[in-house]
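Here is my input, please return the structure:
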Amino acid sequence: MAGGLVALLDDIAALAKLAAASLDDVAGASAKAGTKAVGVVIDDTAVTPRYVTGLSPARELPIIWKIALGSIRNKLILLLPAALLLSAFAPWAITPILMAGGTFLCFEGAEKVIEALTGAHHGDEAVAVTDPKQLEDRQVSGAIRTDLILSGEIMAIALSELADQTIVNQAIALALVGLAITVGVYGVVALIVKMDDIGLALAKREGSGTRAIGRGLVSAMPVVLKWLGIIGTAAMLWVGGQIIVHGLHEFHLTPIPGWIEHAAEAARHAVPGAGGVASWIVNAALSAVFGIIVGAIVAGVLHLLPRKAAKH
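Numbering: from 1, shown residues only. Below is the predicted model of the structure:
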């Protein structure tokens, strides 16, 4: 089953394989992989701006820089060696690891939905922090932790298509794809979080048109950030759910993948002229529904266990 996110991930893996095949073409192929990978980590791009919310505007870009450096460390120091070890000694473990990461994303997304519906907060966000340095450190840590899961998904997907390459070519391809992803994603994030400052600068310039654009950017940013949070949560559930569904398919546990695939195909045939779009929407929506079910189950178990422990 290769639809929606899975097709996109397959494209990334194919580009990584192309990069490893020829060192002369590795830079160009990895750049293409990084561009397409922005779609895979759309939830990271959408969610990351919330980590600078409530902090000093002067600290926004330094915080994004810290997160980006953490992302690079995740990919090159932690995940790259782990990926090469998996390739050499345990290639069978790649799919279960992907599914575990997908489950974490579903849990994160479900937590956000539960918090939005109930107003309750769990984990670190439940602890009030007033010290700016402590708050900044907590925000950066949370962003890097989420990035680690997403980066692991990307590296594992790319690795799955590099099994027939030498260890050196695997390392080069994975490193360049990881760097391209980081630059693409956090460049966009930096632009998003500074958009209001750009608007303020434009609003002070001469020319009624320029000032109007600047005022429009400033007034639009709160709405944009709110919707980015919603999109980020939805993308977590979509990404996580579809990764788990794909893993179930790989293990021949086909009822749920089969239902989603049949529904997507039905949508394709039901909308002449836009069947591909309809199929993608249905696939993504059903994967997100499955993702929130999985995430809610995990969240329920994790929050129930501490209560039982407290009773004893």
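
Show me where this protein dips below the pLDDT cut-off.
Within the chain, the ranges that satisfy pLDDT under 70 run 1-57, 120-130, 157, 160-161, 163-164, 306-312.

That one: strands as residue ranges?
With strands called from DSSP state E, the chain shows none.

How many residues are close by W92?
W92 has 8 neighbours, counted by other C-beta atoms under 10 Å. Where you see a C-beta, it was placed from the backbone N, CA and C, and this is true even at glycine.

And F251, by the same measure?
By the criterion of other C-beta under 10 Å, F251 has 11 neighbours.

now it, nearest residue through space, not along the chain?
Nearest residue to F251, sequence neighbours excluded (C-beta to C-beta, 6 or more residues apart in numbering): T95, at 7.3 Å.

now G240
In space, G240 is closest to L105, 3.2 Å off (C-beta to C-beta, 6+ apart).

quick one: that neighbour from R138, how far?
Separation of L105 from R138 (C-beta to C-beta, to the nearest Å): 20 Å.

go on, I181?
Using C-beta to C-beta, we find I181 at a distance of 24 Å from R138.

more neighbours, the two?
For I181 versus R138, neighbours defined as other C-beta under 10 Å are more numerous around I181 (30 against 16).

That one touches I154, doesn't it?
Yes - applying C-beta atoms under 8 Å, one finds I181 in contact with I154, separated by 6.1 Å.

now for the longest helix belonging to the chain, which elements pack on it?
Counting by DSSP state H, the longest helix found in the chain is helix 208-250. Secondary-structure packing of helix 208-250 (3 or more C-beta pairs under 8 Å, 6 or more residues apart in numbering; DSSP states H and E): helix 5-21, helix 42-47, helix 94-118, helix 132-160, helix 167-193, helix 195-203, helix 255-270, helix 275-311.

Now find how far off-centre it is within its chain.
Helix 208-250 sits 11 Å away from the centroid of its parent chain (C-alpha atoms, centre = their mean, to the nearest Å).

That helix to helix 94-118, inter-axis angle?
Orientation of helix 208-250 against helix 94-118 (axes from the mean of the first three to the mean of the last three C-alpha atoms, to 10 degrees) gives an angle of 130 degrees.

Helix 208-250 to helix 275-311, inter-axis angle?
Orientation check (the same axes, to 10 degrees): helix 208-250 against helix 275-311 gives 70 degrees.

burial count for I198?
I198: 15 neighbours (other C-beta under 10 Å).

Could I get the contacting residues of it?
Neighbouring residues of I198 by C-beta atoms under 8 Å, 6 or more residues apart in numbering: 214, 217.

if we can go back for a sec, and the helices and strands packed on helix 208-250 as TSV, adding distance to R73?
Formatted as TSV, the helices and strands packed on helix 208-250 follow (distance: least, C-beta to C-beta, whole Å):
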stretch	distance to R73
helix 5-21	20
helix 42-47	15
helix 94-118	18
helix 132-160	8
helix 167-193	10
helix 195-203	27
helix 255-270	35
helix 275-311	27
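
So which of these is nearest W227?
Counting by C-beta to C-beta, W227 lies closest to helix 42-47 out of these; the figure is 8.6 Å.

hmm, back to that, quick one: the residue nearest to F251 and I192, what's the gap?
33 Å.

do A235 as well
Taking C-beta to C-beta, one finds A235 at 15 Å from I192.

These two: which is more packed in?
Higher neighbour count among A235 and I192: A235, with 24 against 20, using other C-beta under 10 Å.

where's that one relative to K112, distance?
Taking C-beta to C-beta as the measure, A235 falls 11 Å from K112.
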